[in-house]
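In: Kindly return the folded structure for what I paste below:
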Amino acid sequence: MIGNIVAKAMLSSNVLAKKAGTVIHENADKILVTAGVGFVIGGTVSAVVSSKNVANVIERHKKAIAKTEKIDDQKERGHAKLTVYKDTAIGMLQTFGPCVLLTGTGIACIMGSHYILTQRLASCQAAYTMLDTSFREYRERVKDKIGAEKELDIYNDAHTIEYFEDKGDGKGAKKSTIKVENGAHGPYDFKFAPKTEDSQHGFFNPNCTGIPERDRDFLYQRQWWAQDQLNRQGELSVADVLWSIDQYKDKRLIPTYCFDMVWKRGDIVSFGIEDDVEFLKGNKNYIWLHFNPSGFRRKLRKEEAAYLNASRELVNEQLG
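Out: This is a model prediction of the structure:
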């Protein structure tokens, strides 16, 4: 019975040790940073406390040197001075040794944390590269099997909707179809498209002519304007860019997160126009704008906060 108790205790201790090891391994960077900061603070405090004893060491040094000056023999005097300087150096080392040791250990811990984070970043980059490459190769294999157009429709979650259009020529309404893309887009992607029967989904812009060459020039002009504004102001929000291309007639309807997402000074503003080869070739009359904001602004400007409050009132009116 005692043997079973001992065996269970050993098994439990092994399990706890493994769990503790896993937790320490996962949080090694945080532990090292915390320890490093603690050691550096301890070294600073130790230096302040030890500096009080420096005066005593220097005073003993002066008295010892004064005694050596009374020695007549030059060789003995030199030997005595050397001994005094050695004792003073040892005293200084004893006084400031702990603070140097603590500070050095703290710096080593912080550098160790940085090394761990660097290794993890390299691993993440390698994993992302491998995943991205595998996904691209997978898409190419799918294209070979079912065709590039069908694969793109699946990737963009595209589907067709039917509608009846009466052009007023006396021939009556005719059934037509239009393709709608719903997927493969992030929260900072917006569809720049002409006004069509798909307008009920909000995917149209009054500045979009449906002529790819003109729309491309317009978007590049807006992109250059955005870059110029960023260089002048030092900060530019996604909401400002959406407003500049007239994506929303009423600024209060712009999604609230667009006011927080910003480009900061030194960034390059991109709408991702170059990524849509078919649009650049003129094969389609719309494009998804893939914005690349790099920062987050938690505090809104006064006028933006006013817009947000007005948008809440507008929503309440519509719901009421």
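In: For the rest of this, base every contact and every neighbour count on C-alpha atoms.
Out: Noted.
In: hang on, Asn283 in a strand?
Out: No - judged by DSSP: H, G, I helix; E, B strand; the rest coil, Asn283 forms no part of a strand; its state is coil.
In: Tell me, how many residues neighbour it?
Out: 11 (other C-alpha atoms under 10 Å).
In: Tell me who's in contact with the spatially closest residue to it that is not a sequence neighbour.
Out: Counting by C-alpha to C-alpha, 6 or more residues apart in numbering, the nearest residue to Asn283 once its immediate chain neighbours are dropped is Pro212, at 8.0 Å. Applying C-alpha atoms under 8 Å, 6 or more residues apart in numbering, we find Pro212 in contact with Phe279, Leu280, Gly282, Asn283, Lys284, Asn285, Tyr286.
In: Can you turn the buried part of the residues you listed into a PyMOL selection?
Out: Remark: buried members of those, expressed as a PyMOL selection using 16 or more other C-alpha atoms under 10 Å:
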select buried, resi 279+280+285+286
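In: The contacts of Pro212 into TSV, with extra columns for distance to Ala127 and pLDDT?
Out: What follows is those, written out as TSV (distance: C-alpha to C-alpha, whole Å; pLDDT from 0 to 100):
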residue	distance to Ala127	pLDDT
Phe279	31	84
Leu280	32	84
Gly282	36	82
Asn283	35	80
Lys284	35	82
Asn285	36	84
Tyr286	34	84
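In: In terms of distance to Trp224, which of the contacts of Pro212 ranks first?
Out: Distance to Trp224 across the contacts of Pro212 (C-alpha to C-alpha) is lowest for Leu280, with 17.5 Å.
In: who's in contact with the host helix or strand of that closest one?
Out: Here Leu280 is covered by helix 277-281, with elements defined by DSSP states H and E. Contacts with helix 277-281, where a contact means C-alpha under 8 Å, 6+ apart, come from Pro212, Glu213, Arg216, Ile273, Glu274, Lys284, Asn285, Tyr286, Ile287.
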